[in-house]
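**Student:** Sequence and predicted model, in that order:
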Amino acid sequence: MKYADEKKSKHGMLRDNVPWTSISNKLTTRAQHSCCHKWYRQLTSPMVMKGDWKDSDDYRLIDKLFQLDSTCFDDVDWDDLLEHRSGVSCQKRWKEMVRHMSESSKKTFADQVRFWQSDMVRSYLKLEKYGKANPMFPSVSVPP
């Protein structure tokens, strides 16, 4: 999407429904276009950028891993994890996600899954609170 295709809203510039003007205002060190550019050019997963993976796949991946309750990466049957994604793609995306965790090397596989699952639940509940929960994710497993 080109910058010219972005929409304006009461929050300023929008791209993919993200209020870049609001983000820029909070950061104070970058302009809205700079925030948007940095996100899409440097921070976004290459798999997502190429269209090989969707954000909704992250929710599905994390939820499946949480439900499996595996203690080790090698115990997961990656080929049967998501029916519409290959095992190689699932492993690759999981490794990308783990790389962005602070001190991920000190966490066990189970702790990594719990970290992402609790983050996912917090995000989902926040969206649900404001009536914006996506019907694509009707069941998010909430830990006891």
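**Tutor:** Received, thanks.

**Student:** Met101: how many residues sit nearby?
**Tutor:** Using other CB atoms under 10 Å, Met101 is surrounded by 15 other residues. Heads up, the C-betas are built off the backbone N, CA and C, glycines and all.

**Student:** so who does it touch?
**Tutor:** Lys107, Gln112, Phe115, Trp116 (CB atoms under 8 Å, 6 or more residues apart in numbering).

**Student:** Closest to Leu43 out of those?
**Tutor:** Within the contacts of Met101, proximity to Leu43 (CB to CB) peaks at Trp116, which comes in at 16.8 Å.

**Student:** now the helices: where do they sit in this protein?
**Tutor:** Applying DSSP state H to the chain gives helices spanning 20-27, 32-38, 46-49, 55-68, 87-99, 109-129.

**Student:** and the nearest residue to Ser24 once chain neighbours are set aside, how far is that from Ser45?
**Tutor:** Once flanking residues are discounted, Ser24 sits nearest to Gln32: 4.2 Å by CB to CB, 6 or more residues apart in numbering. Remark: distance between Gln32 and Ser45 (CB to CB, to the nearest Å) = 22 Å.

**Student:** more neighbours, those two?
**Tutor:** The neighbour comparison of Gln32 against Ser45 (other CB under 10 Å) goes to Gln32, with 21 against 17.

**Student:** The more buried one and Ser56: what is the separation?
**Tutor:** Applying CB to CB to Gln32 and Ser56 gives a distance of 26 Å.

**Student:** follow-up on the earlier one: Produce a PyMOL select command limited to the buried residues of the contacts of Met101.
**Tutor:** To isolate in PyMOL the members of the contacts of Met101 that are buried, counting by 16 or more other CB atoms under 10 Å, one can use:
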select buried, resi 112+115+116
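
**Student:** closest to Lys50 among the contacts of Met101?
**Tutor:** Proximity of those to Lys50 (CB to CB) peaks at Trp116, which lies at 21.7 Å.

**Student:** mind listing what the closest one touches?
**Tutor:** Applying CB under 8 Å, 6+ apart, the residues near Trp116 are Ile62, Leu65, Met97, Met101.

**Student:** gap between stretch 104-113 and the chain center?
**Tutor:** 17 Å (CA atoms, centre = their mean, to the nearest Å).
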